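> Sequence first, predicted model second:
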Amino acid sequence: MTKNIKKQTTYINRELSWIEFNKRVLAQALDERTPLLEQAKFSAIFSNNLDEFFMVRVASLKTQVEAGITKKSEDGKTPEQQLKDIRCVLTPLLKKQQTHYVKHLKSNLFKKNVQLLDYEELNSRQKLWINNYFQTAIFPVLTPLAVDPAHPFPFVSNLSLNVAAMIIDPETNQRQFARVKIPQKTMDRFISIPTEFSEIEPKPIHICIPIEQVVGFNLNMLFPGMKIEEHYFFRVTRDADLELRDIEADDLMSALEQGLQKRRIGGEVVRLEVSEKMPKIILNLLMEGMAVNAEDLYQVQGFLGLDELFSLTKINLPNLKIESHQGVTHKSLQNSQRGLLEDGSIKKEEFKSIFSIIRREDLLLHHPYDLFTTSVEEFINQAADDPMVMGIKMTLYRISKDSPIIAALIRAAENGKQVMALVELKARFDEDNNIQWAKHLEQSGVHVVYGVVGLKTHTKIALVVRKEKERLRSYFHIGTGNYNSKTSKLYTDLSLLSAQPELGQDLVELFNYLTGFSKQQSYRKLLVAPVTLRERFESLIRREIKHAKNGKNAHIKAKMNSLVDPNIINLLYEASSTGVKIDLIVRGMCCLYPGRKEISENIKVISIIGRFLEHSRIFWFANNGKPEAYLGSADWMRRNLDRRVEAVTPIHSPKLSKELEELLSLYFNDNREAWVMQSDGSFIQRQPETEIRCAQQQLIERWNKQQSKNT
């Protein structure tokens, strides 16, 4: 790489890159080809992503500014400069989102007989019904809070939606400010109104109104005898990042529980969203009462809290949604389902245990196309009940609320097996859920540990030790995704089910590292962070550089969530400059510039944003005609390579390695959901000229066709 290239010109700011990713999410909502209720969903995802971004990333930058830290980011920006850039880039996106909701989503849903009405649009019968509903179902739980010398400005909790009202006492003509919190946790954001009250024919299919408008236009009931001069809505976002010391497990759980209580309330305000028409007198009261600076104020022309558009997806109108996808059982596991044996769907002589299948061949699973329930869950369930299984060990990062995996581990412990679960308590925004599961597992006899001090355990691994012919055999699962039944239907993830002895022994030693005091520094096959993963990835890239310099076939293909690590980026630049062809699929942040002369001419980057969240990580190296493929839990980020426990496994089977290569090619050829990264860091979505090639849809069709053959 040319030595005089400045770092600023070769590294994209990670915060701005993240916003560029979220912009692609918003584009799904704005795309007319997206069904209407899916547009609502993607707009909600955009807002939900943004909430977390403010609670963590913006909060961190603000903390740095307040602490007087001027250390520059990799692209040469101070924290203060980054905050200014974030606001500058976000402002037009937020306007686009509001314009879409007000002028497109609402009107187009109206044409489909789904009415999202404002209070002023209700007819007299509808107003009477909603006012009665307010009195019986909402009014009793509300708490109006006045602000005056006897009542200090109330604390406004994180992500809460509120009504700010100006009240006049008719006797004294004195004006007073009041605040009412909207009950979001216990009530739906959109209240359904019976369709028979509509005066439109034919009758609408669905009618609803935002709950805050119902509250706002019924404030007279909360302040009897007072005159309601005006009301407006506001929403607060607070610093919600948890700072935890590296402490022992028992103390960690206690500290987390205390920290979570604080998070629910929130730290300093990092964003105040208000109705654009809010008068200055109320705005000044809010800003002064919550110590909000002008740069943290966002005036919104439209609807606050668009993350709650998620609730619209509950409307039962399949024609306004993407066709649902169920997934199928992996072709090698068709006769390995214990449920089919128990209900008589297959005969006893036809049934083959999942362990007999894994002994025979490695299995590559691709969710959600391969059902999680009939593969990973079946693996753990059969292990829990198999009398020959001696022990089960798993890492749990994000767990679904009603987890069959947890139930299987508890059952295994009750069956007398040695069961160990590493529950990562510090999985951001899942801490509370994980704490509850950890307690439940411990009470059921499962040995629970909380990981390595100073590191977050992000790896997705499960080990089953089974006694066979007077010896122990290790069966295992290594994946890119969490052991989460819910997200397995929404995220694309890859994993390996295998009984390879060397990998099995590596996992035995890795679990010993996670639960004990061993300091394992090397592994036979497994790539483990923070021990060997970075070094191995860098050596694999350097090997391709060496091949290119020697005139041999050199090619890197990789798919990941984020590409942020400066060392890896610089190595990829070096590889490109020596002639290595590099094709990358990066869903989220990508801090590398592709296609730049003398720096990255041989690097191409695309991003796939579709109905499923692309979560799988694949790393493929041509190796001069002897390709090597890997999959695992790590992105090319500093935190994954240096500050987390991660596991990436080689795929030794030529057949499975070829499958991964073909999968990458399918993604690279996508012209429907693929965005191509430009040399300036922006993205342009591919537009099909003739034949539409949507990788996710092609995979659905391929798996469905396979299912038809099997049945």
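That came through, no problem. Residues are numbered from 1 along each chain as shown.
> In contact with Asn319, which residues are there?
Contact analysis of Asn319 by CB atoms under 8 Å, 6 or more residues apart in numbering lists Pro35. Every C-beta, even on glycine, is put in place using the N, C-alpha and C of the backbone.
> What lies in contact with stretch 191-203?
By CB under 8 Å, 6+ apart, the residues outside stretch 191-203 that reach it are 113, 115, 117, 122-123, 125-126, 129-130, 133, 204-211, 214.
> Show me which of the residues you listed are buried.
Burial by neighbour count, 16 or more other CB atoms under 10 Å: within the contacts of stretch 191-203 this picks out 113, 115, 117, 122, 126, 129-130, 133, 204, 206-211, 214.
> any idea which helix or strand carries the nearest residue to Ala412 once chain neighbours are set aside?
In space, Ala412 comes closest to Ala384 once its chain neighbours are excluded; the distance is 3.8 Å by CB to CB, 6 or more residues apart in numbering. Using DSSP states H and E, Ala384 sits in helix 376-385.
> Following element in sequence after that helix, please.
By DSSP H and E, the next helix or strand past helix 376-385 is strand 389-396.
> Can you list the helices and strands that that following strand packs against?
helix 376-385, helix 404-414, strand 418-423, strand 460-468 (3 or more CB pairs under 8 Å, 6 or more residues apart in numbering; DSSP states H and E).
> okay, those in CSV with mean pLDDT and distance to Glu628 next?
Shown next, in CSV, are those (pLDDT from 0 to 100; distance: least, CB to CB, whole Å):
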stretch, mean pLDDT, distance to Glu628
helix 376-385, 97, 25
helix 404-414, 95, 31
strand 418-423, 92, 28
strand 460-468, 97, 20
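> possible to save those as TSV with distance to Phe668 and mean neighbour count?
Formatted as TSV, the helices and strands packed on strand 389-396 follow (distance: least, CB to CB, whole Å; neighbours: other CB atoms under 10 Å):
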stretch	distance to Phe668	mean neighbour count
helix 376-385	27	22
helix 404-414	33	20
strand 418-423	36	22
strand 460-468	25	21
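> among the ones you listed, which is nearest Arg14?
Smallest distance to Arg14 across those (CB to CB): 23.9 Å, for strand 460-468.
> Report the angle between that closest one and strand 389-396.
Relative orientation of strand 460-468 versus strand 389-396 (axes from the mean of the first three to the mean of the last three CA atoms, to 10 degrees): 180 degrees.
> what's the distance between the residue nearest to Ala412 and Gln436?
According to CB to CB, to the nearest Å, Ala384 and Gln436 sit 21 Å apart.
> Buried ones in the lengthiest helix in the chain, by neighbour count?
What stands out as the longest helix in the chain, according to DSSP state H, is helix 79-99. Within helix 79-99, the residues scored as buried using 16+ other CB under 10 Å are 79, 81-83, 85-86, 90, 93-94, 96-98.
> Most widely separated two among those?
Of all pairs drawn from the buried residues of helix 79-99, the greatest distance, 28.1 Å, lies between Pro79 and Gln98 (CB to CB).
> what's the closest residue in space to Val89 that isn't next to it in sequence in contact with, if anything?
Leaving out its chain neighbours, the residue that sits closest to Val89 by CB to CB, 6+ apart is Ile19, at 5.3 Å. Shown in contact with Ile19 (CB under 8 Å, 6+ apart): 53, 86, 89-90, 93.
> try it again with 10 Å
For Ile19, the contacting residues are 13, 49-50, 53, 57, 85-86, 89-90, 93, 589, by CB atoms under 10 Å, 6 or more residues apart in numbering.
> can I get those in CSV with pLDDT and distance to His366?
CSV is the format used below for the contacts of Ile19 (pLDDT from 0 to 100; distance: CB to CB, whole Å):
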residue, pLDDT, distance to His366
Asn13, 96, 33
Asn49, 97, 25
Leu50, 98, 30
Phe53, 96, 29
Arg57, 94, 31
Asp85, 97, 38
Ile86, 97, 36
Val89, 97, 35
Leu90, 97, 35
Leu93, 97, 33
Met589, 98, 24
